[in-house]
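# Pasting the sequence and the predicted model now:
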Amino acid sequence: MDVLQIKIIVPLVAAHFLSDFVLQTDSDVNQKNKVKVFIKHIFFVTGVSYLFLGLFDNYLIPIVILITHSSIDLIKLKIKKDNIWIFLSDQLAHLLAIIFISINANLFLDNAVNFFWEINFGDNYYLVLVLITSVIIVTKFNGIVISYLIKALQVKIFKTDANSDSLPQTGRIIGYLERFIILISVLMNVPAIIGFLITAKSILRYAEIKSENDKLFVEYILIGTLFSFALGISISYLTNESIKAMKVIL
């Protein structure tokens, strides 16, 4: 991947994750079949992509993003199923569309390319976007993946639909925080913090698990915790290596 491709793919990926997982609320996701909600989401995706890319004289790439993102989302709505494979396939399709744009950058750009944000802030702009994307992935994105993986146990334990607002939200918030701390510790090259975090959470969870006779609850805690740490550590080290590689290439 060359420099031009990186300068296109990094802002577009950051815009995608910000639009899909921060600017799009849970309520928006549940009401996406409504025209106003759908248009609002596509507007955010296209607008943020145009803003982050910083090629303000280029309208072709935002138009391609608008067409591909709306098409993929419409297909997902037509399927009318909700499971981890549909979710991951949807995200993969969006990322493949972005990769296609970056690989074929010459089709969408003129010879003279001036990236506004790079001119004003230098290469650090792209490193900041990588960090923003990583934070969103380790918190919101990974949180959704984990919720799909433990959905069946949630229904059995809490006797309610897995998407119900009555389910406890503290576990989700704790997951966000622990994975964010893992990301910071890896980027700061202090991996010992991860060991301390695992130990601390194990001690805090021990009393809760010990007081439960339900085997399902123990499995629920263990599976959620292990997936949280595994995904957090994996994404954190991938982010660290990506930043190192970008510093060399850029």
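Looks like it came in fine. Residues are numbered from 1 along each chain as shown.

# how about the nearest residue to Ser134, chain neighbours excluded?
Spatial nearest neighbour of Ser134, excluding adjacent residues (Cβ to Cβ, 6 or more residues apart in numbering): Thr239 at 4.1 Å. Where C-beta positions appear, they are placed from N, C-alpha and C, glycine not excepted.

# For stretch 72-85, which residues meet the burial criterion?
If you call a residue buried by 16 or more other Cβ atoms under 10 Å, then stretch 72-85 has these buried ones: 72-73, 76.

# Helices - which of these land there?
72-73, 76 (DSSP state H).

# for the chain, what spans make up the helices?
3-21, 26-30, 35-53, 60-79, 84-103, 105-108, 116-121, 124-136, 142-149, 151-158, 170-187, 192-210, 215-249.

# pLDDT at Ala112, what is it?
Looking at Ala112, its pLDDT stands at 68.

# which residues of this protein score low on pLDDT?
111-112, 157-168, 202-216 (pLDDT under 70).

# How about the residue nearest the centre of the chain, nearest residue that isn't a chain neighbour?
Central residue of the chain (Cα atoms, centre = their mean): Ile137, 3.2 Å from the mean position. Distance criterion Cβ to Cβ, 6+ apart; nearest residue to Ile137, sequence neighbours excluded, is Ile235 at 5.4 Å.

# now Ile150
Gly224 (5.2 Å).

# does that neighbour really touch Lys151, like I thought?
No. Applying Cβ atoms under 8 Å as the test, Gly224 and Lys151 come out as separate, 10.9 Å apart.

# quick one, which of the two is more surrounded?
The neighbour count for Gly224 versus Lys151, taken as other Cβ atoms under 10 Å, is higher for Gly224 (20 against 16).
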